[in-house]
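> Dropping the sequence and predicted coords here.
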Amino acid sequence: MAPRHNTISRKHLINSLLTGLLIGTLIGAPIGWFVHRFYSQQKLAQYLLCRERNLNQPAAVIDNLCGTLY
């Protein structure tokens, strides 16, 4: 008797894709939120330090050196 090939049916493929999507969403969303929060805090700290270092400069010069916060 010939060996049976293990083929992937459409139902199994869709279930696998949906499971991967669900797991990726559940794990990826909190990771993305934490990374975004860390990045925004770092950017705010750099912006505030730049403004503090150039406190004696006119506002236009500070905006040119430090950029905008957003």
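Arrived safely. Numbering: from 1, shown residues only.
> What is the host helix or strand of Arg37 packed up against?
Taking DSSP states H and E as the criterion, Arg37 maps to helix 10-53. Contact analysis of helix 10-53 by 3 or more C-beta pairs under 8 Å, 6 or more residues apart in numbering; DSSP states H and E lists helix 59-66 as its packing neighbours. For glycine as for every other residue, the C-beta is placed from the backbone atoms N, C-alpha and C.
> for the helix it packs on, which positions count as buried?
Neighbour-count burial for helix 59-66 flags 62, 66 (criterion: 16 or more other C-beta atoms under 10 Å).
> Just the pLDDT at the residue most central in space within the chain, thanks.
Computing the C-alpha centroid of the chain and ranking residues by C-alpha atoms, centre = their mean puts Gly32 first, at 4.1 Å. Looking at Gly32, its pLDDT is 94.
> Extract the residue ranges of the protein that are flagged as low pLDDT.
1-5, 8 (pLDDT under 70).
> redo that, cut-off 90
Scanning the chain for pLDDT under 90 picks out 1-13, 68-70.
> how much space between Phe34 and Ser40?
Counting by C-beta to C-beta, to the nearest Å, the gap from Phe34 to Ser40 is 11 Å.
> go on, Val61?
Counting by C-beta to C-beta, the gap from Val61 to Ser40 is 25 Å.
> Name the nearest residue to Leu44, ignoring sequence neighbours.
Leu69 (6.8 Å; C-beta to C-beta, 6 or more residues apart in numbering).
> Over to the one you found. Which of the three states is it?
coil (DSSP: H, G, I helix; E, B strand; the rest coil).
> show me what contacts it?
Leu69 is in contact with 43-44, 47, counting by C-beta atoms under 8 Å, 6 or more residues apart in numbering.
> what about it, distance to Ala29?
25 Å.
> what's the answer for Leu65, then?
36 Å.
> do the same with Arg51
33 Å.
> and these two? which has more neighbours close in?
Arg51 (16 against 10; other C-beta atoms under 10 Å).
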